[in-house]
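Enquirer: Sharing a sequence plus its predicted fold:
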Amino acid sequence: MSKILELREKRAKAWDAAKAFLDSKRGGDGLLSAEDTTTYEKMEADVVALGKEIERLERQASIDLELSKATSNPITNEPTRTGEEMTGRASAEYKKAFWNAMRDNVSYEVRNALKIGTDSEGGFLVPDEFERTLVEALEEENIFRRLANVITTSSGDRKIPVVASKGTASWIDEEGAIPESDDSFGQVSIGAYKLATMIKVSEELLNDSVFNLESYITREFARRIGNKEEEAFFVGDGTGKPTGILNATGGGQVGVTAASATAITLDEVLDLFYSLKAPYRNKAVFVMNDATIKAIRKLKDGNGQYLWQPSIQAGTPDTILNRPLYTSSYVPTIEAGAKTVVFGDFSYYWVADRQGRVFKRLNELYAVTGQVGFIATQRVDGKLILPEAVKVLQQKA
């Protein structure tokens with residue numbers, strides 16, 4: 001942790017130096033010479049590199065902490081049964097049977113245990129402990145799941161009631177009739193779309209007791225599924241996939257249209273900030289591409305303070321206008337007509353997980369090459385249930 005803090009302080013100092021250089025080298029027209037531009041971009045690249053190294057160390061520290069947790073407690077008295085015995089997919093028997101089946105160590109006992117979680121297509125629902133691990137890994141890979149409201153559904157579409165318009169109070173004369181003013185309600189329906197991926201593993205690795213099959217599958221499935229989910233949650237068109245927060249239909253509202261197709265000004269960022277109603281700003285965050293952040297780093301407010309401020313505390317993101325800033329490669333870069341900056345309360349974007357991720361083992365398909373395939377599928381949908389809660393900045397067409 002001391003290393004992370006040291007890097008954060010170093011990053012803050014590097015950014016202060018970059019700002020000072022930028023201010024000292026600007027000419028009367030506010031522009032830099034070609035040589036000074038190259039120097040500044042090198043200083044800015046160092047700030048970005050330090051930020052990425054901090055993120056890597058924080059992820060490493062989080063993993064180390066998880067792996068260092070005790071797996072058992074010492075027995076200090078006569079063993080007794082404490083707590084409720086886990087049953088179904090949470091049972092130790094089912095977990096053991098599941099991974100034995102994945103390794104093809106199948107016996108009659110294993111088949112009986114796996115009856116707890118078979119599906120109609122011959123796949124096995126993952127044991128409870130592994131499913132929770134997979135969800136945690138998805139959150140590491142997918143920033144959207146950390147910001148959105150994630151729910152779990154069992155079957156059918158999930159109907160979400162939404163207030164379309166609100167009633168008002170009225171001043172009335174004594175003994176006057178009170179006018180009716182009812183709220184009107186709409187409804188958003190969240191279903192489930194199928195997301196799938198496949199991994200091939202050699203038979204030698206499967207039979208090697210040193211190879212941690214559970215860890216490998218968890219990590220690789222999380223990376224693939226997490227990336228594809230995040231892409232859909234941002235730019236999905238709702239056809240065979242979730243409706244993205246930047247989609248023209250069902251996405252966030254355009255708060256500001258930039259005057260330029262290739263640049264963003266300070267006033268436009270401020271206009272975007274205040275285009276969002278005050279109650280939503282309390283929990284709002286900025287999300288944009290790394291390339292867009294690079295362009296915004298040079299912007300100052302009326303007091304000469306740069307809009308972008310680096311975080312100096314572990315576990316906290318950088319900020320713009322005192323609101324957290326997150327990056328995603330799936331938010332478009334600055335170009336004509338692109339929606340480049342998202343600002344809003346992402347808790348109004350609902351991610352619906354259909355219960356039960358399914359894994360299947362393919363024994364014969366790759367037998368001639370000495371490999372075994374593993375398929376993972378999950379059903380998920382996502383929608384912004386209140387468009388006014390998220391505003392976007394769109395470049396000039």
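Expert: Arrived safely. Numbers count the residues shown, from 1 in each chain.

Enquirer: Is residue 337 located within a helix, as I assumed?
Expert: No: under DSSP: H, G, I helix; E, B strand; the rest coil, residue 337 falls outside any helix and is assigned coil.

Enquirer: what's the neighbour count on the nearest residue to it once chain neighbours are set aside?
Expert: Distances taken as Cβ to Cβ, 6 or more residues apart in numbering place residue 397 nearest to residue 337, at 4.3 Å, with adjacent residues excluded. For glycine as for every other residue, the C-beta is placed from the backbone atoms N, C-alpha and C. Counted with other Cβ atoms under 10 Å, the neighbours of residue 397 add up to 8.

Enquirer: Local confidence estimate at residue 397?
Expert: We have a pLDDT of 88 for residue 397.

Enquirer: do you know how far it is from residue 260?
Expert: Going from residue 397 to residue 260 by Cβ to Cβ, to the nearest Å gives 11 Å.

Enquirer: again with residue 40
Expert: Separation of residue 40 from residue 260 (Cβ to Cβ): 21 Å.

Enquirer: quick one: which of these two has more around it?
Expert: Neighbour totals were compared for residue 40 and residue 260, and residue 40 leads with 18 against 12 (other Cβ under 10 Å).

Enquirer: so that one touches residue 23, yeah?
Expert: No: counting by Cβ atoms under 8 Å, residue 23 is not a contact partner of residue 40; they are 10.6 Å apart.

Enquirer: I'd like the mean pLDDT over the helix or strand where residue 295 lies, please.
Expert: Using DSSP states H and E, residue 295 maps to helix 290-296. Averaging pLDDT along helix 290-296 yields 91.

Enquirer: And stretch 320-340, by the same measure?
Expert: Averaged over stretch 320-340, pLDDT sits at 93.

Enquirer: And for stretch 13-33?
Expert: Throughout stretch 13-33, pLDDT has a mean value of 82.

Enquirer: same deal with stretch 257-276?
Expert: Mean per-residue pLDDT for stretch 257-276: 94.

Enquirer: Check the separation of the first and last residues in it.
Expert: Taking Cα to Cα, to the nearest Å, stretch 257-276 runs 14 Å from one end to the other.

Enquirer: Which positions in it come out as buried?
Expert: Across stretch 257-276, burial judged by 16 or more other Cβ atoms under 10 Å covers 258, 264, 268, 269, 270, 271, 272, 273, 275, 276.

Enquirer: Can you pull out the residues in contact with that stretch?
Expert: With Cβ atoms under 8 Å, 6 or more residues apart in numbering as the test, stretch 257-276 has contacts from 255-256, 281, 284, 292, 295-296, 299-301, 307, 320-321, 323, 334-337, 340-341, 343-344, 389-397.

Enquirer: Just the residues you listed: which are in strands?
Expert: Among the contacts of stretch 257-276, the members falling in strands (DSSP state E) are 255-256, 320, 323, 340-341, 343-344, 390-394.

Enquirer: Among those, which one is most surrounded by other residues?
Expert: Among those, the one with the most neighbours (other Cβ under 10 Å) is residue 344, at 31 neighbours.

Enquirer: Mind naming the longest strand for the protein?
Expert: Of all segments of type strand in the chain, defined using DSSP E, the longest is strand 371-384.

Enquirer: Would you list the strands that it pairs with, along with their directions?
Expert: strand 193-202 (antiparallel), strand 349-354 (antiparallel), strand 358-362 (antiparallel) (DSSP bridges).

Enquirer: per-stretch mean pLDDT over the ones you listed, give me the minimum one.
Expert: With a mean of 82, strand 358-362 has the lowest mean pLDDT of the strands paired with strand 371-384.

Enquirer: May I see the buried residues of that one?
Expert: Buried residues in strand 358-362, defined by neighbour count with 16+ other Cβ under 10 Å: 358, 359, 360, 361.

Enquirer: follow-up on the earlier one: determine how far the helix or strand following the helix holding residue 295 lies from the middle of the whole chain.
Expert: Next helix or strand after helix 290-296 toward the C-terminus (DSSP H and E): strand 308-309. Distance, stretch centre to chain centre, for strand 308-309: 22 Å (Cα atoms, centre = their mean, to the nearest Å).

Enquirer: Do a quick rundown of the strands in the stretch 101-250 of the chain.
Expert: For the stretch 101-250 of the chain, strands defined by DSSP state E, counting those that start in this stretch occupy the ranges 124-125, 149-153, 158-165, 184-190, 193-202.

Enquirer: Of those, which is nearest residue 328?
Expert: Closest approach to residue 328 among the strands of the stretch 101-250 of the chain is made by strand 149-153 (16.9 Å; Cβ to Cβ).

Enquirer: Buried residues in the closest one, which are they?
Expert: So strand 149-153, judged by 16+ other Cβ under 10 Å, has buried residues 150, 153.

Enquirer: Nearest spatial neighbour of residue 327, chain-adjacent residues omitted?
Expert: Leaving aside its chain neighbours, residue 327 sits nearest to residue 290 (5.3 Å; criterion: Cβ to Cβ, 6+ apart).

Enquirer: Return the residues in contact with the one you found.
Expert: 48, 327, 329.

Enquirer: Using JSON lines, please lay out those residues together with secondary structure.
Expert: Formatted as JSON lines, these follow (three-state DSSP):
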{"residue": "48", "secondary structure": "helix"}
{"residue": "327", "secondary structure": "strand"}
{"residue": "329", "secondary structure": "coil"}
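
Enquirer: Which member of those residues exhibits the greatest number of neighbouring residues?
Expert: residue 327 (18 neighbours).

Enquirer: give me every residue that touches that one.
Expert: The neighbourhood of residue 327, defined by Cβ under 8 Å, 6+ apart, consists of 143, 287, 288, 289, 290, 293.

Enquirer: before we move on, what about residue 148?
Expert: Residue 148 makes contacts with 233, 346, 347, 349, 350, 351, 382, as judged by Cβ under 8 Å, 6+ apart.

Enquirer: got a winner among those for most neighbours?
Expert: Neighbour counts for these peak at residue 233, which has 29 neighbours (criterion: other Cβ under 10 Å).

Enquirer: wait, isn't it in contact with residue 144?
Expert: Yes: under the criterion of Cβ under 8 Å, residue 233 makes contact with residue 144 at 4.4 Å.
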